[in-house]
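Participant: Build me a model from this:
(chains A and B)
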Amino acid sequence: KQEVTQIPAALSVPEGENLVLNCSFTDSAIYNLQWFRQDPGKGLTSLLLIQSSQREQTSGRLNASLDKSSGRSTLYIAASQPGDSATYLCAAPSGYGNKLVFGAGTILRVKS
Amino acid sequence: EPEVTQTPSHQVTQMGQEVILRCVPISNHLYFYWYRQILGQKVEFLVSFYNNEISEKSEIFDDQFSVERPDGSNFTLKIRSTKLEDSAMYFCASSEGMTGSSGYTFGSGTRLTVV
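Facilitator: Next comes the predicted model:
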């Protein structure tokens, strides 16, 4: 059974800092892993999708890595901005099935 | 960029009433899903749907829930007799393939409040 854990639960940083959000998953038999952003009371916006054949995926200031063997993924945010304040969710498929299992998220606050 | 559209954005209903949440998945996607998020809790899977039938459902998805694709574009979630604990944000999602090889696209959600 897939379980996804995210650390830290919350993070408060000054503007401009580089930061790392961590995600671990128990079942490494996955095709991919996806990172989402959720603003308060809003929907889920896909940030990055990493295929199991990739080690990294980049979009602008965001970089996500995937290490299936250790069951870990990290989301790196460079030069953080107040507009990055949101909850970041990691989601992994349940093995080779087609449902996503979500972590509880990391609540990020970037102070100006 | 293609979007998953959900309506309504917010619905308030009385306990015991039936509600239907609506979704328009991305047109070339074949797999459809419903998830829910109770306030302050994780996003959790409810059901997946492919080829006009349920392919997987969670233990949350009991007899009071049903899904339907009534036409070529809409995908609905019906809750037959709502309970207070059904209050949550409900998200519809779609994917092109079974393993989400191109990722899953989520709608902006329907906030359901049962009073």
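
Participant: all helices for chain B, in order.
Facilitator: For chain B, no helices are identified by DSSP state H.

Participant: Tell me the residues of it that contact chain A?
Facilitator: Proximity of chain B to chain A, by Cβ under 8 Å from any Cβ of the partner chain, involves residues B:31, B:33, B:35, B:42-45, B:48, B:55-56, B:58, B:89, B:91, B:93, B:95, B:98-109, B:111. Placement of C-beta: from N, CA and C, glycine included.

Participant: Emit the ChimeraX select command for whichever of those residues are buried.
Facilitator: Restricted to buried positions by 16 or more other Cβ atoms under 10 Å in any protein chain shown, the ChimeraX selection for the residues of chain B next to chain A reads:
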select /B:31,33,35,42,43,44,45,48,55,56,58,89,91,93,95,98,99,100,103,104,105,106,107,108,109,111
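
Participant: Next step: the residues of chain B next to chain A restricted to strands.
Facilitator: B:31, B:33, B:35, B:43-45, B:48, B:55-56, B:89, B:91, B:93, B:95, B:104-106, B:111 (DSSP state E).

Participant: shaky segments in the chain?
Facilitator: Assuming you mean chain A. A:95-97 (pLDDT under 70).

Participant: oops, chain B please
Facilitator: B:99-100.

Participant: give me the residue from chain A nearest chain B.
Facilitator: Of all residues in chain A, the one sitting closest to chain B is residue A:43 (3.6 Å; Cβ to the nearest Cβ).

Participant: Quick one: residues contacting that residue.
Facilitator: B:91, B:106-109 (Cβ atoms under 8 Å, 6 or more residues apart in numbering or on different chains).

Participant: at 6 Å what do you get?
Facilitator: B:106, B:108-109 (Cβ atoms under 6 Å, 6 or more residues apart in numbering or on different chains).

Participant: Please verify my assumption that residue A:37 contacts residue A:45.
Facilitator: Yes. With contact defined as Cβ atoms under 6 Å, residue A:37 reaches residue A:45; the gap is 4.7 Å.

Participant: With neighbour numbers in mind, choose between the two.
Facilitator: Between residue A:37 and residue A:45, residue A:37 has the larger neighbour count (other Cβ atoms under 10 Å in any protein chain shown), namely 20 against 15.

Participant: What helix or strand is the more buried one located in?
Facilitator: strand A:32-38 (DSSP states H and E).

Participant: ditto for residue A:29
Facilitator: Here residue A:29 is assigned to no helix or strand, by DSSP H and E.

Participant: What is the burial count for it?
Facilitator: By the criterion of other Cβ under 10 Å, residue A:29 has 12 neighbours.

Participant: measure it to residue A:1 for me?
Facilitator: Counting by Cβ to Cβ, to the nearest Å, the gap from residue A:29 to residue A:1 is 12 Å.

Participant: do the same with residue A:108
Facilitator: Applying Cβ to Cβ to residue A:108 and residue A:1 gives a distance of 28 Å.

Participant: again with residue B:114
Facilitator: 29 Å.

Participant: same deal with residue B:39?
Facilitator: For residue B:39, the distance to residue A:1 - Cβ to Cβ - is 25 Å.

Participant: Show me which of residue B:114 and residue A:1 is the more surrounded one.
Facilitator: Using other Cβ under 10 Å, the more surrounded residue of residue B:114 and residue A:1 is residue B:114, with 19 against 7.

Participant: Contacts only, for the residue lying closest to residue A:75 once chain neighbours are set aside.
Facilitator: Excluding the flanking residues, the one nearest residue A:75 by Cβ to Cβ, 6 or more residues apart in numbering or on different chains is residue A:21, at 4.4 Å. Taking Cβ under 6 Å, 6+ apart, we find residue A:21 in contact with A:75, A:88, A:106.
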